[in-house]
Structure formats: structure tokens, C-alpha cells
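Enquirer: Sequence plus the predicted model coming up.
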Amino acid sequence: MAVGDRMVLMFQQLNQEDLEAFVDRAAALISVTQRHLGLALREIDRRETWMADGAKGIVEWTQIRCGYERRNARALIETTESLETL
């Protein structure tokens, strides 16, 4: 049985409170991870190391390196830039 299938079975067995608690924890982890990824990407952009891979900019590099769609890569970079000005 694949890991994804086992997770589905596990979720089906959880009560509502535990399932919602799992969603809350997973969302918090995603948020923190995206913030850290954004900060690392900003540093890569500052160093311009994306050029070594032949990318035209950090957005394109993020697409290639992380497999993000262009709009999602741009949104991550722009969100990180916005947070730095707060």
C-alpha cells in the first residue's frame, strides 16, 4: 500500500477534532516552510547565483529549481519582498 493510501486511511479513522488539529498543524508547517524558502530565495537573488544555471532571474530559477509555476514563483518572491518592508 502506498504512503498516500495509508494517509487516507489514517485520516478516515480520525475524529473531527483530531483531523482539524492535523490540518492546523500542517498549515502552520507550510507557512513557516514557505517563509524560510522565500528568505533563502531572496538571498540567492541578492547573490545572483541563479545566473550560473542560465536563468533570466530568480523567478525563472525558482520555476526550474523548485518546480513552481511562474505565477506561484513570482508570488512567493513578491510576498517575501513585501514582508521585508514591514
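Expert: Alright, I've got the coordinates. Residues are numbered from 1 along each chain as shown.

Enquirer: Spatially central residue in the protein, please.
Expert: Gln34 (4.1 Å; CA atoms, centre = their mean).

Enquirer: didn't that residue look like it was pressed against Leu76?
Expert: Yes. Shown here, Gln34 and Leu76 form a contact pair, counting by CB atoms under 8 Å, at 6.8 Å. Bear in mind the C-beta positions are built from the backbone N, C-alpha and C, glycine included.

Enquirer: what about the residue nearest to the centre of the chain, distance to Glu69?
Expert: For Gln34, the distance to Glu69 (CB to CB, to the nearest Å) stands at 15 Å.

Enquirer: swap in Asp24?
Expert: In terms of CB to CB, Asp24 sits 26 Å off from Glu69.

Enquirer: Packing partners of the host helix or strand of Arg25?
Expert: Using DSSP states H and E, Arg25 falls within helix 16-47. Packing partners of helix 16-47 (3 or more CB pairs under 8 Å, 6 or more residues apart in numbering; DSSP states H and E): helix 58-66, helix 70-84.

Enquirer: Now distance to Asp18 too, for these, in JSON lines please.
Expert: Shown next, in JSON lines, are the helices and strands packed on helix 16-47 (distance: least, CB to CB, whole Å):
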{"stretch": "helix 58-66", "distance to Asp18": "31"}
{"stretch": "helix 70-84", "distance to Asp18": "30"}
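
Enquirer: right, so these: which one is the most enclosed?
Expert: Of all those, helix 58-66 has the most neighbours on average by mean count of other CB atoms under 10 Å, namely a mean of 18.

Enquirer: Quick check: the gap between Arg6 and Ala27.
Expert: 21 Å.

Enquirer: So for Thr49, which of the helices and strands packed on helix 16-47 sits nearest?
Expert: Nearest to Thr49, of all the helices and strands packed on helix 16-47, is helix 58-66, at 8.4 Å by CB to CB.

Enquirer: can you dump the C-alpha coordinates of that closest one into CSV?
Expert: C-alpha atoms of helix 58-66 as CSV (Å, rounded to 0.1, in the frame of the first residue of the first chain):
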residue,chain,number,x,y,z
ILE,A,58,15.1,34.5,-9.5
VAL,A,59,11.5,33.8,-10.7
GLU,A,60,12.7,31.6,-13.6
TRP,A,61,15.3,29.9,-11.4
THR,A,62,12.6,29.1,-8.8
GLN,A,63,10.4,27.6,-11.6
ILE,A,64,13.3,25.4,-12.7
ARG,A,65,14.8,24.5,-9.4
CYS,A,66,11.6,24.1,-7.3
